[in-house]
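dropping the sequence and predicted coords here.
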Amino acid sequence: MKMRPAKQIKVVRSQLEILEDLKVQLDSLLWCICNVIQVGESWIEEANNKTFSDIYQFLTFQTAECISKCSSIPNGSEDVCQSADTTEPCVNEKIPVTVPVVTLPGDSELSKLMLRFESMENSIAANSERIESLHQQFKGYEIKTQETISRSQEETENLHTQKYDQIIEELQAASSFMSHLQKKKQIYYRNK
């Protein structure tokens, strides 16, 4: 029985290590996502005392974190060739690889996984866009609310100022009338 070349074994082992590392990272990410979903569902079921803005901020932050982790997973994996204990990259090495023509039963599983992964990537991209859109809408509502409150306060202050000025004018008119009446009374008693 012929042994496989050591360099080929090293490259394949290196690739398997990367896949194992990727599996660990994906398991960790899945666990994180499940915990975030559980917190959100506990809020819906009123088992959580957080306010809406707290839970919304938490979910937004955690979703962004999960998306960030998901997008950084490929960047975290070192190049297969560089992770092998070789001083030179193996991209330049010519390793004979034969691709089987017959499809194996695992190929359909792999293609299903690839399709699912692609679907997840598309979903993540769409959710990122939705989150950004919702974040922009939230900022817009926040600005509108602040403007409305500010305008309402200004209108209320103007109304109070007008009422105050009106009351002062009426008091001054009453005071002037009373002074005028007092003078007339004094003149009347003098002339009597």
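Perfect, I can see it now. Remember, it's a predicted structure, so these values are computed and weren't measured experimentally.

name the next helix or strand following the helix or strand of the chain with the lowest mean pLDDT along the chain.
Within the chain, no helix or strand scores below helix 80-83, which has a mean of 38 by mean pLDDT, DSSP states H and E. Using DSSP states H and E, the helix or strand that follows helix 80-83 towards the C-terminus is helix 105-191.

which elements pack onto that following helix?
Contact here means 3 or more C-beta pairs under 8 Å, 6 or more residues apart in numbering; DSSP states H and E; on that basis helix 105-191 packs against helix 52-76. All C-beta spots, glycine's among them, are computed from the backbone N, C-alpha and C.

so what does the helix it packs on touch, helix or strand wise?
The contact analysis (3+ C-beta pairs under 8 Å, 6+ apart) places helix 52-76 against helix 6-44, helix 105-191.

from the chain's centre, how far out does the shortest one sit?
Yep, that's helix 6-44 we're talking about. 22 Å (C-alpha atoms, centre = their mean, to the nearest Å).

so which residue is dead centre in this structure?
The centre of the chain sits closest to Thr60, judged by C-alpha atoms, centre = their mean, with a distance of 3.2 Å.

tell me the contacts of that residue?
Neighbour list for Thr60: Ile131, Leu134, His135 [criterion: C-beta atoms under 8 Å, 6 or more residues apart in numbering].

neighbours of the first one, just the number please.
The burial metric for Ile131, expressed as a neighbour count using other C-beta atoms under 10 Å, is 15.

point out where this structure drops to low pLDDT.
Along the chain, segments meeting pLDDT under 70 span 1, 73-107.

please repeat the previous calculation with a cut-off of 80.
1-2, 68-113, 192 (pLDDT under 80).

any idea how far Ile44 is from Leu134?
For Ile44, the distance to Leu134 equals 17 Å [C-beta to C-beta, to the nearest Å].

tell me which of those two has more neighbours.
Higher neighbour count among Ile44 and Leu134: Leu134, with 12 against 9, using other C-beta under 10 Å.

distance of that one from Leu59?
Leu134 sits 11 Å away from Leu59, taking C-beta to C-beta as the criterion.

so what's the backbone phi/psi at Thr51?
Backbone torsions of Thr51, given as degrees, to the nearest 10, read phi -80, psi 170.

just give the number of residues close to it.
10.

which residues touch Phe52?
Neighbour list for Phe52: empty [criterion: C-beta under 8 Å, 6+ apart].

how close does it get to Glu142?
Distance of Phe52 to Glu142, computed by C-beta to C-beta: 14 Å.

do Ser53 as well
From Ser53 to Glu142 the distance is 10 Å (C-beta to C-beta).
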